[in-house]
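Engineer: Give the three-dimensional model of this entry:
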Amino acid sequence: MNGNSRQQVIPPTRSRVKAGFVVYSPDSGNRELVILDEGELVAVDKSGGMRDIKFHMHAGDIVGVASLFENEPFRYTIEAAEDSTVTIISEECLESELKNIPLWLLAIIRSLSVNTRLHKESARKTPVENTLMSLAEYCAHLDSGVKYPVDTLTREFNWLTRIPPVTIKADIKSLLRRNFIGLIKEGDTLQLVVHNAMLLQIYSDYLYAREEGLVWEPLRLSLPQKRILVHLTTLKEGVEMEAPEWIRLLNERELPIDVAQWITLQDLGCFKQGLSNKFHVDMKKIEYFLTALRYDSNLRGAV
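Structural biologist: Below is the predicted model:
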């Protein structure tokens with residue numbers, strides 16, 4: 001031996017494989033980095049007896065970096081989608097190469113590997129803190145009375161939020177217990193039906209207020225104010241009057257209201273100001289509050 005450590009280097013393995021060939025299997029327990037030189041590969045998730053293609057690889061793509069540098073298991077099977085040329089860098093090959101590079105370069109490589117791992121973890125982790133509130137908000141934008149396949153809805157919501165499917169299914173059951181949605185079995189397909197989209201928006205707002213420690217708007221209403229809201233639904237929507245006129249009208253109809261209560265109802269959005277300082281009733285806001293009050297027990301989970 002002449003003392004040249006380069007003689008101890010174990011070279012990468014470069015192979016030509018046929019379509020369908022398994023380039024890497026997680027069952028092997030090996031830590032390997034796969035470089036696609038030519039052709040196309042697919043990453044397949046075979047867990048649970050299913051075959052789910054996660055992504056495709058094209059010339060120049062690499063997988064297994066975290067497996068080699070961070071000892072993180074790679075859980076997908078890598079197969080050749082067509083005749084391909086691949087380069088495999090094994091754990092032994094990498095270690096033999098690392099013995100011959102400067103320490104500063106090794107530090108850079110490890111730093112890049114850590115950053116890659118943190119980026120992958122961030123990409124997998126959902127940014128949503130309150131998953132039930134998020135699902136309620138999502139369902140509030142669905143059409144009431146329309147059937148939506150649960151599997152399709154779960155996949156789409158998972159893609160949008162990265163919330164795990166098992167969590168989504170648990171939150172669907174929570175909405176079902178409160179009778180905000182219904183589940184219908186049609187053949188092999190489970191369908192979700194939104195009973196009242198506004199009610200789901202109300203529930204999302206309720207959860208947000210509770211999470212932020214805020215007084216939820218419908219809870220600010222006194223009993224006399226609730227009676228006023230019910231009466232307002234009997235009026236024509238286009239009626240406009242100045243504030244003193246509204247106060248006088250309601251008092252004449254035995255619905256006591258003073259200036260302070262009027263200001264509260266205005267702040268809550270029950271009255272909107274139009275032209276010439278006149279106010280009209282916002283029927284959608286009135287419906288929002290009355291629906292919230294009607295389904296109070298459902299919102300609190302007391303059903």
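
Engineer: ranges for the strands of the stretch 201-303 of the chain?
Structural biologist: In the stretch 201-303 of the chain, the segments counted as strands under DSSP state E, counting those that start in this stretch are 240-241, 271-273, 279-281.

Engineer: ok, how many other residues are close to residue 58?
Structural biologist: For residue 58, the neighbour count with other Cβ atoms under 10 Å is 12. For the C-beta atoms, the positions are set from N, CA and C on the backbone; glycine is no exception.

Engineer: Same question for the one 5 residues further on.
Structural biologist: Look at residue 63: counted by other Cβ under 10 Å, it has 20 neighbours.

Engineer: And the pLDDT at it?
Structural biologist: With respect to pLDDT, residue 63 scores 85.

Engineer: among the strands of the stretch 201-303 of the chain, which is the most enclosed?
Structural biologist: Compared across the strands of the stretch 201-303 of the chain, strand 279-281 shows the largest average neighbour count, a mean of 20 (mean count of other Cβ atoms under 10 Å).

Engineer: Tell me which other helices or strands it touches.
Structural biologist: Under the contact definition 3 or more Cβ pairs under 8 Å, 6 or more residues apart in numbering; DSSP states H and E, strand 279-281 sits against strand 240-241, strand 271-273.

Engineer: okay, these in JSON lines with distance to residue 47 next?
Structural biologist: Listed next are the helices and strands packed on strand 279-281 as JSON lines, based on distance: least, Cβ to Cβ, whole Å:
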{"stretch": "strand 240-241", "distance to residue 47": "63"}
{"stretch": "strand 271-273", "distance to residue 47": "55"}
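
Engineer: Now tabulate those strands in CSV and tack on distance to residue 48 and mean pLDDT.
Structural biologist: Shown next, in CSV, are those (distance: least, Cβ to Cβ, whole Å; pLDDT from 0 to 100):
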stretch, distance to residue 48, mean pLDDT
strand 240-241, 62, 90
strand 271-273, 54, 89
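
Engineer: Identify whichever of the ones you listed lies nearest to residue 285.
Structural biologist: Distance to residue 285, taken as Cβ to Cβ, is lowest for strand 271-273 among the helices and strands packed on strand 279-281, at 8.2 Å.

Engineer: Which other helices and strands does that closest one contact?
Structural biologist: strand 279-281.

Engineer: Within its sheet, name the partner strands of the strand it packs on and how each one runs.
Structural biologist: Strand 279-281 has its sheet partners listed here by DSSP bridges as strand 240-241 (antiparallel), strand 271-273 (antiparallel).

Engineer: Quick check: phi and psi at residue 53.
Structural biologist: Residue 53 adopts backbone torsions of phi -80, psi 120, taken as degrees, to the nearest 10.

Engineer: so what's it bridging to?
Structural biologist: Listed beta-bridge partners, residue 53: residue 44 (assigned using DSSP bridges).

Engineer: Just the strands from the stretch 1-150 of the chain, written as ranges.
Structural biologist: Ranges of strands within the stretch 1-150 of the chain are 13-17, 22-24, 32-38, 40-45, 52-58, 62-63, 77-80, 84-90, 147-149, based on DSSP E, counting those that start in this stretch.

Engineer: Save those as JSON lines, and put in distance to residue 133 too.
Structural biologist: Output for the strands of the stretch 1-150 of the chain, formatted as JSON lines (distance: least, Cβ to Cβ, whole Å):
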{"stretch": "strand 13-17", "distance to residue 133": "48"}
{"stretch": "strand 22-24", "distance to residue 133": "40"}
{"stretch": "strand 32-38", "distance to residue 133": "41"}
{"stretch": "strand 40-45", "distance to residue 133": "30"}
{"stretch": "strand 52-58", "distance to residue 133": "29"}
{"stretch": "strand 62-63", "distance to residue 133": "36"}
{"stretch": "strand 77-80", "distance to residue 133": "37"}
{"stretch": "strand 84-90", "distance to residue 133": "46"}
{"stretch": "strand 147-149", "distance to residue 133": "19"}
